[in-house]
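Peer 1: predicted structure and sequence below. I'll ask about it afterward.
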Amino acid sequence: DGQLGLPGSRLAPNLLLHLSLTGADTGAAYRDEYSAGTEYGGYFNPRMCYSYPYKTKAGVKRPDLGDHSGYFSPLKLADAKRQCGGDSFSGNLLNWATMSRLDLLRLALTGGDRIIDDKDMTVLQRAWLPEESGHFPSKTIHAADTVTPFGAGAVFAVSCRNRILFSDSPARSSCDKPPVREFNVRVKVCDKVDGQSRPQLCVAYKGGLKPEGAVQENAELMRIGAMGYLAELGGDDANVYGGALRAPIKFVGHPKTGPLRPEWNPVTGIHEADPDKAGGVRSGLLNFINLSGRRGAYKAADPGAELFYEGLRYLQGRPPSAGSGDMVEDDALAVWSTRKDPVTESCQRSTAAVIGHSSFVRDRYVPGNASASLGDAARATDGFHGTFDVMQATRRVGELEGLANLDIQKDGPDGAGSYYLAGAAY
C-alpha cells in the first residue's frame, strides 16, 4: 500500500531505523555559493532576520557565548529577497553558512537537537563538528551588508565545533584562536512569529510551540526503534564490530493502548531524559538521533552491512552477535545488549530502513564472509531458520541485476567496502 502505518490499523507495524552516522555527516549541507534566490532549509527560518546578544568585557564588545544566553533570536521578517537591511542576520544566509547534513536529518526526523528545552522556549543547536574534519569548508559571503550586520564588502565564515566565526580575512580562522566575531550556532525557534511562518515544524503545547518531525508525527501509527554505531571505540575494535541497538522498538509517544514509555511530555512537549529507564544515561529514540556526537565523537569506519545484519537479528528476537560486547552506554547514550523480542504478533509487519551513505567501509564481518581483509575476519554462515550466507545472497542480487560476482566486488573509498548490505537485505 506504500505506507508503513495507516490510521485504524489493528496492529501497529514496527519500523527499525539503521542510522549509519559518521563524522562525514557533519559536513556542510550546502557547498555552492550563496544565492539570495534560493531558499535554504535548516534550523533558522529562511524568511526571517535574527539578532544575537553581545557582552562588553575590558572595553571590547563581543558576542555572548553563554550556554543559556548565547543564541540567535528571531527579530523581524526578511524582505522579498530574504535580506535584512544591514542591522541583523538573514536566516536564509545562516542556514547556508552553518547547517550540516546531520542537522537536516534531525530537523526532518525530530524537529532538531534542543539544547534548551523549557516550557516556554526552545533553542536548537547545530551538530558538533569534529576537530579538523575537513568536511565543512570556509565560505565567502559577498555583499555582506544585505544579510549580516557587518557592513559592505565580503565576509568569510568558518564553522568549527558548535560555533561560526566571521572574519574580514580569507585566512581560515580557528576555534582555538577565534576572531572577535565568534557566535554559538544556536537558534531560538517556534516563537509566535516563527511558528506562524513554519506551522509544519512548530506544534502547539501548553506554554508554547515545540519543533517536531516525522517521528512525532507518526508516533501513533507505528512502533519505532533504532540501530546505530558505537562511536567511542576504534573502527577495528574487536569488542564491537558493527551495529548495536540504541533505541528499542516501541511507541515513542502516547498511544491509547500498549505500554507507555513516552519520550516527551504530552502537556508541555518537553523531551524526557531517560524514557527507557536506562539509568544514569540518556535513552530513547529522540535522544539517540539528536544527541549523538554532542561530545565530538563519531564513528570512523562505516560498516553498514554489519549494522543492517545486527538489526535483522533484533527483529528475529535474537541476541546480538557473539563478540558484540555488553556495553550499557556509548557517547553518554544507552546501548541495549539485552532486549525483548520486538515482534508482538506473528502477523505484525516490520520494516528495516537504512539512513546512510551510497557506499560503506569495512563491513564484511557478516555470516558467510569468506574473505578476511581490513580487520574483517571470515565468518561461518548463520543457521537460524535456514542458512544465511551473505556471499551467496549478494551474488544472487548481482545475477538479478546482471552484475557478475557481486559478492567479491569492492565498493566504497579505496575499495574498502562491499555490497553485502544488498545481500543481507535480499
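Peer 2: Yes, it's here. The model shown is predicted, which means the values in this text are computed figures rather than measured ones. Numbering: from 1, shown residues only.

Peer 1: tell me which residues in stretch 373-391 are buried?
Peer 2: Residues 374-376, 379, 381-382, 388-391 are the ones in stretch 373-391 that count as buried (16 or more other C-beta atoms under 10 Å). In this view, the C-beta of every residue, glycine as well, is placed from N, C-alpha and C.

Peer 1: using PDB, write out the CA atom coordinates for it.
Peer 2: Extracted in PDB, the C-alpha atoms of stretch 373-391 (Å, rounded to 0.1, in the frame of the first residue of the first chain):
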ATOM      1  CA  SER A 373      40.600  -8.300   5.000                       C
ATOM      2  CA  LEU A 374      40.900  -4.900   6.600                       C
ATOM      3  CA  GLY A 375      40.200  -6.300  10.100                       C
ATOM      4  CA  ASP A 376      37.100  -8.200   9.000                       C
ATOM      5  CA  ALA A 377      37.500 -11.900   9.700                       C
ATOM      6  CA  ALA A 378      35.900 -14.800   7.800                       C
ATOM      7  CA  ARG A 379      32.600 -15.800   9.400                       C
ATOM      8  CA  ALA A 380      30.500 -19.000   9.300                       C
ATOM      9  CA  THR A 381      27.100 -19.000   7.800                       C
ATOM     10  CA  ASP A 382      24.000 -18.300  10.000                       C
ATOM     11  CA  GLY A 383      21.800 -21.400  10.500                       C
ATOM     12  CA  PHE A 384      18.800 -19.600  12.000                       C
ATOM     13  CA  HIS A 385      15.600 -20.700  10.200                       C
ATOM     14  CA  GLY A 386      17.600 -22.000   7.200                       C
ATOM     15  CA  THR A 387      21.000 -20.900   6.100                       C
ATOM     16  CA  PHE A 388      22.100 -17.300   5.600                       C
ATOM     17  CA  ASP A 389      25.200 -16.900   3.500                       C
ATOM     18  CA  VAL A 390      25.900 -13.300   2.700                       C
ATOM     19  CA  MET A 391      28.200 -14.000  -0.200                       C
END
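
Peer 1: quick one: residues in contact with that stretch.
Peer 2: Stretch 373-391 is contacted by residues 235-236, 241, 303, 305, 309, 316, 318, 362-372, 407-408, 416, 420, 423-424 when judged by C-beta atoms under 8 Å, 6 or more residues apart in numbering.

Peer 1: still on that earlier bit, quick check, nearest of the buried residues of stretch 373-391 to residue 148?
Peer 2: Residue 148 has its nearest neighbour among the buried residues of stretch 373-391 in residue 374, at 46.0 Å by C-beta to C-beta.

Peer 1: out of the contacts of stretch 373-391, which end up buried?
Peer 2: Buried members of those, counted by 16+ other C-beta under 10 Å: 235, 241, 303, 305, 309, 362-369, 407, 416, 420, 423-424.

Peer 1: low-confidence stretches in this structure?
Peer 2: Across the chain, the ranges flagged by pLDDT under 70 are 1-9, 132-133, 233-241, 256-259, 323-326.

Peer 1: going along the chain, name the helices of it.
Peer 2: Assigned helices in the chain, in chain order: 91-98, 101-109, 192-197, 214-217, 285-291, 304-315, 390-400, 420-425 (criterion: DSSP state H).

Peer 1: quick one: the last one to chain centroid distance?
Peer 2: Okay, so that is helix 420-425. Here helix 420-425 is found 23 Å from its chain centre; the criterion is C-alpha atoms, centre = their mean, to the nearest Å.

Peer 1: which secondary structure elements does that helix sit against?
Peer 2: Applying 3 or more C-beta pairs under 8 Å, 6 or more residues apart in numbering; DSSP states H and E, one finds that helix 420-425 contacts helix 304-315, helix 390-400.

Peer 1: 10 Å instead?
Peer 2: If you count contacts as 3 or more C-beta pairs under 10 Å, 6 or more residues apart in numbering; DSSP states H and E, helix 420-425 packs onto helix 304-315, strand 350-355, helix 390-400.

Peer 1: in JSON lines, list those along with distance to residue 265.
Peer 2: What follows is those, written out as JSON lines (distance: least, C-beta to C-beta, whole Å):
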{"stretch": "helix 304-315", "distance to residue 265": "28"}
{"stretch": "strand 350-355", "distance to residue 265": "27"}
{"stretch": "helix 390-400", "distance to residue 265": "43"}
